[in-house]
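In: just coords:
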Ligand code: 6PG
């Protein structure tokens, strides 16, 4: 992208209201244009207040499919399960919420294959990919490190993959499944929501570095032709 716009808020609640409004608009427009909306939503803690707000939007929820853009390989119901958080907010609204990692799968490669097969059945490209960013510059579960190359250079048609980041991310040290870079950058809309100065600095560095950035978020930004809105609130 050559168009990044920063949106700064005083606090997380203000950011949540604004981002939820943007997502609701994207969903509505997708339903108007194509009769349905498929959105990949971020895991982690930052977006929870966004989901809380979004779930009270008046939308034709039964036409909406929600998938986690990345998932931790843990049983459904586990506090680390991204889809469990999404299901809490969007299932009661009537949306289809897809657990991309079946309960029985513990192996990250098998989980990647299963998520990949499932993603092929969704309408494509995604109408929206909402991303958070980690303190190491990771986006979705594409981490800097040994798995980075596979995520970035893997087959371009691949839509999901299993990763075993090494070292495991401190905030949730479990293996992951993630949309690939190709899948993320193909989305019709990309939004980023982050908290704290540290993440802002990382994203600004990544933007300056362009396509040679060692930060996955830098490659997402360099890899999309879309304008990207980055929403920021203090930690
Ligand atoms: C995940 C993510 C991940 C997340 C960042 C930021 O499942 O861990 O989707 O990419 O967005 O780690 O997480 P916080 O919002 O908790 O800081």
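Out: Yep, it's here. Values in this document were obtained by computation on a predicted structure and should not be read as measured data.

In: Report all helices and strands that whichever strand or helix holds residue 203 contacts.
Out: Mapping residue 203 onto the secondary structure by DSSP states H and E places it in helix 197-209. Other helices and strands packing on helix 197-209, by 3 or more CB pairs under 8 Å, 6 or more residues apart in numbering; DSSP states H and E, are strand 190-195, helix 216-223, strand 228-233. In this view, the C-beta of every residue, glycine as well, is placed from N, C-alpha and C.

In: quick one: the longest one to chain centroid distance?
Out: For helix 216-223, the gap between its own C-alpha mean and the chain's C-alpha mean amounts to 13 Å (CA atoms, centre = their mean, to the nearest Å).

In: just to revisit the earlier point, of all the helices and strands packed on helix 197-209, which lies closest to the ligand?
Out: The ligand sits nearest to strand 190-195 of all the helices and strands packed on helix 197-209, at 6.8 Å, using CB to the nearest ligand atom.

In: Sheet-wise, list the partners of the closest one with their directions.
Out: Each strand pairing with strand 190-195, determined using DSSP bridges, is listed with its direction: strand 128-131 (parallel), strand 228-233 (parallel).

In: Serialize those strands to JSON lines and add fields for mean neighbour count, mean pLDDT and distance to the ligand.
Out: Output for these, formatted as JSON lines (neighbours: other CB atoms under 10 Å; pLDDT from 0 to 100; distance: least, CB to the nearest ligand atom, whole Å):
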{"stretch": "strand 128-131", "mean neighbour count": "26", "mean pLDDT": "98", "distance to the ligand": "6"}
{"stretch": "strand 228-233", "mean neighbour count": "20", "mean pLDDT": "98", "distance to the ligand": "11"}
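
In: lowest average confidence, helix or strand, in this structure?
Out: Counting by mean pLDDT, DSSP states H and E, the weakest-scoring helix or strand in the chain turns out to be helix 148-153, with a mean of 65.

In: The strands paired with strand 190-195: which one's closest to residue 22?
Out: Relative to residue 22, the nearest member of these by CB to CB is strand 228-233, separated by 7.1 Å.

In: Could you say which helix or strand holds residue 114?
Out: In this structure, residue 114 is located in helix 108-120 according to DSSP H and E.
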